[in-house]
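below are the sequence and a predicted model; questions follow.
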Amino acid sequence: MSTAQLSKTQKIFDLLSEVMDPEIPVINVVEMGIVKDISLEDGVSVSITPTYSGCPAMNIIATDIKTKLQDNGHTEVKIIEVLSPAWTTDLMTDEARAKLEAYGIASPNRSSVNNSDPVGTPKECPNCKSANTKLKSHFGSTPCKALYVCVDCLEPFDYFKCH
């Protein structure tokens with residue numbers, strides 16, 4: 001890839017970092033690891049992968065990406081949904097994890113490779129930082145989250161499932 005193409009690709013990544021996840025509006029699709037690849041042949045092709053099988057936000061994300069690029073002069077935009085390899089929480093940046101916590105969602109703190117952070121084990125409360133928490137439901141506000149409650153501060157919170 002030439003220097004000019006690398007520069008153009010970086011500018012596209014910069015634009016896409018302005019596209020927020022519609023279900024977690026403090027995290028963008030790049031730091032979430034949803035954007036897998038960008039190709040500059042025949043316009044701009046962006047490969048994206050869902051965070052969870054059947055994620056209802058993927059259509060919105062694809063539309064938001066296409067709109068962002070078209071609004072910035074890219075007339076030929078193609079969105080490609082990639083299912084393999086599957087998205088894992090390992091693709092989230094450290095910044096995304098910190099933003100999840102600040103937003104009140106417990107983030108997975110271990111690798112998905114060996115599933116070392118299973119749903120059901122206590123999670124740190126993002127509100128008071130207590131580990132005295134209990135699972136209330138395997139599904140939270142979205143299928144990719146589980147619902148917990150903190151026994152100490154009594155606040156419910158979502159946990160972004162490690163997968």
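Perfect, thanks for sending it.

do you know how far the nearest residue to Ile105 once chain neighbours are set aside is from Pro126?
Spatial nearest neighbour of Ile105, excluding adjacent residues (C-beta to C-beta, 6 or more residues apart in numbering): Asp158 at 4.7 Å. Glycine gets a C-beta too; all of them are placed from N, C-alpha and C. According to C-beta to C-beta, to the nearest Å, Asp158 stands 9 Å off from Pro126.

give me the common contacts of the two.
Common contacts of Asp158 and Pro126 (C-beta atoms under 8 Å, 6 or more residues apart in numbering): 104-106.

worst-scoring helix or strand of this structure, pLDDT-wise?
Least confident helix or strand, the chain: helix 3-16 with a mean of 88, by mean pLDDT, DSSP states H and E.

now that one: buried residues?
By neighbour count on 16 or more other C-beta atoms under 10 Å, the buried set for helix 3-16 is 8-9, 12, 15-16.

wait, is the residue nearest to Ile105 part of a strand?
Yes. Counting by DSSP: H, G, I helix; E, B strand; the rest coil, Asp158 is part of a strand.

count residues in the vicinity of Leu147, would you?
16 (other C-beta atoms under 10 Å).

would you say it is within a strand?
Yes. Counting by three-state DSSP, Leu147 is found in a strand.

verify the contact between it and Asp158 for me.
Yes. Leu147 lies in contact with Asp158 (C-beta atoms under 8 Å); the separation is 6.3 Å.

shared neighbours, those two?
Common contacts of Leu147 and Asp158 (C-beta under 8 Å, 6+ apart): 140-141.

one step back: report the two of the buried residues of helix 3-16 separated the most.
The most widely separated members of the buried residues of helix 3-16, counting by C-beta to C-beta, are Lys8 and Leu16 (12.8 Å).
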